[in-house]
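**Q** kindly return the folded structure for what I paste below:
(chains A, B, C and D)
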There are 2 protein chains.
Amino acid sequence: MKRIADSTVRRLSAYLRFLEDFESRGLATISSDELAKRGGTTSAQVRKDLSFFGSFGKRGLGYSVPELAGRLREILGLGRTWRVIIVGTGKIGAALARHHGFQQRGFTIIAAYDNDPAIIGADLDGIGVRDIAHLEADVRRQHPDIAVLAVPEDAAQPVTDRLVKAGIKAILNFAPAQLHVPADVTVKTVNMAMELEGLSFALTNRE
Amino acid sequence: MKRIADSTVRRLSAYLRFLEDFESRGLATISSDELAKRGGTTSAQVRKDLSFFGSFGKRGLGYSVPELAGRLREILGLGRTWRVIIVGTGKIGAALARHHGFQQRGFTIIAAYDNDPAIIGADLDGIGVRDIAHLEADVRRQHPDIAVLAVPEDAAQPVTDRLVKAGIKAILNFAPAQLHVPADVTVKTVNMAMELEGLSFALTNRE
DNA sequence: TGTATCTTGTGAATCAATTCACAAGCGCCC
DNA sequence: GGGCGCTTGTGAATTGATTCACAAGATACA
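**A** Numbering: from 1, shown residues only, chains lettered A, B, ... in the order given. Sure thing, here's the model as predicted:
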């Protein structure tokens, strides 16, 4: 399959969200133009994005809302449940563990890890915090699909190496660090400092 | 000034982080190639990124670490303190308020807001939670520079409209929603559901 | 001073993403 | 069934970002 750009996948994800909203409001069909307006893009962009995966619309009419939503879920791999572990239960990690938004969309948090004896054994809304010493053994036994990394900057790469070695293929990284991983491992980094600096830049360099 | 791509600004932010690390290790100069390796990019990319703002290097030698760090801070607008408010103190908002990483880089949280009487008046590591009813008056009096939006999805656009009307020009959005704002307001969205779906897509569509 | 070595800065070339523009399909109504 | 209005799907054109490749500046040292 032709390589799909990251930006395309992000838009597909956005379209699905809009479709779910339309679905709950009982709309049967939607045009690429309406979808585009909602997502701040253009109708040509929407059609091009979808065209990578097939033709789902009807000329003159638009797209069937439930059908397109279904196809997008399929494309995005949301037809199943993904098993997620959280590594690092500081401020951010703990907030993520307690955040129930993930569960809704098929991401189940099965465990959380930390190295601080003061927090090991604690319960984060039903998710137990385990000693990170058990990380490798647990991963090999329970084969989680995704690891959310929320450890301090200097622990990010060492912990990543452990995760990769244990067989993890997808990492959502909240540490402000550039992670090095093999080509078959996918990393998405959420770097709040970087986003804030982007805003700082925008505020500073306005003509 | 020529429009600078978002991706360029993100890389500048990364370079600065690396330079700070080099600086703390006492290195005096650095080449574009070393910077590139560290950031997972190429030396040509590094030089091109910097060339938008001037020529800071010495041929044959590289860049002076402290000088380049200083120039990057200037470019990114980090020579001053930015006043930040947090709107919404649920799981994520509260974790951000308590997160001390921002302070270090010149982002000072001056207030937090919520509409839940149970949490209004609480103290989040020194930051008081105020009734969101005071939002507009506070913004007009204290003119914060950046608003961090951490409210539920359906409140995101209404609260954004209030912020914009009160004069906010930069928003860091954690709500899973596409915000509509005037052209002179900058929004950066951090959407964890979208990142997870990106990982789901990658795990699903691997050849 | 001259030569060897290194690394920048930058046009030109390539690669990638977005937008344009239009033929073709579909539904509706007379 | 034929004509009209609407919207898709998609090559072609354009715009934008990245990579190439090399002349020129800087240092080191004989």
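**Q** run through chain A and note the low-pLDDT ranges.
**A** Applying pLDDT under 70 to chain A flags residues A:1, A:207.
**Q** identify the single longest strand in it, thanks.
**A** In terms of residue count, the longest strand belonging to chain A (DSSP state E) is strand A:107-114.
**Q** and that strand, what does it pack against?
**A** On a contact count with 3 or more Cβ pairs under 8 Å, 6 or more residues apart in numbering or on different chains; DSSP states H and E, strand A:107-114 meets strand A:82-87, helix A:91-98, helix A:101-104, strand A:127-131, helix A:135-142. Heads up, the C-betas are built off the backbone N, CA and C, glycines and all.
**Q** looking at those, which is closest to residue A:200?
**A** Residue A:200 lies closest, by Cβ to Cβ, to one member of the helices and strands packed on strand A:107-114: helix A:91-98, at 20.8 Å.
**Q** between strand A:107-114 and that closest one, find me the angle.
**A** Here helix A:91-98 points in a direction 140 degrees away from that of strand A:107-114 (axes from the mean of the first three to the mean of the last three Cα atoms, to 10 degrees).
**Q** all helices of chain A, in order?
**A** A:6-24, A:32-39, A:43-51, A:65-76, A:91-98, A:101-104, A:135-142, A:153-166, A:192-204 (DSSP state H).
**Q** what's the closest non-adjacent residue to the residue nearest the centre of chain A?
**A** Geometric centre of chain A, nearest residue: residue A:172, 7.0 Å, by Cα atoms, centre = their mean. Spatially, and ignoring its direct neighbours in sequence, residue A:172 is nearest to residue A:148 (4.7 Å; Cβ to Cβ, 6 or more residues apart in numbering or on different chains).
**Q** for residue A:75, same thing?
**A** Once flanking residues are discounted, residue A:75 sits nearest to residue A:53: 5.4 Å by Cβ to Cβ, 6+ apart.
**Q** the one you found touches residue A:76, doesn't it?
**A** No: using Cβ atoms under 8 Å, residue A:53 makes no contact with residue A:76, being 10.3 Å away.
**Q** which of the two has more residues huddled nearby?
**A** residue A:76 (22 against 16; other Cβ atoms under 10 Å in any protein chain shown).
**Q** check contacts around the more buried one.
**A** Neighbouring residues of residue A:76 by Cβ atoms under 8 Å, 6 or more residues apart in numbering or on different chains: A:9, A:12-13, A:16, B:197, B:200-201, B:204.
**Q** hmm, 6 Å instead?
**A** B:197, B:200-201 (Cβ atoms under 6 Å, 6 or more residues apart in numbering or on different chains).
**Q** before we move on, the earlier item: distance check, the residue nearest to residue A:75 against residue A:46.
**A** Between residue A:53 and residue A:46 the distance, using Cβ to Cβ, to the nearest Å, works out to 12 Å.
**Q** do residue A:195 as well
**A** 26 Å.
**Q** neighbour-wise, which of these two wins?
**A** The neighbour comparison of residue A:195 against residue A:46 (other Cβ under 10 Å) goes to residue A:46, with 25 against 19.
**Q** hang on, isn't the more buried one packed against residue A:32?
**A** Yes: applying Cβ atoms under 6 Å, one finds residue A:46 in contact with residue A:32, separated by 4.2 Å.
**Q** intersection of neighbour lists for the two?
**A** By Cβ under 6 Å, 6+ apart, no residue touches both residue A:46 and residue A:32.
**Q** good, wrapping up.
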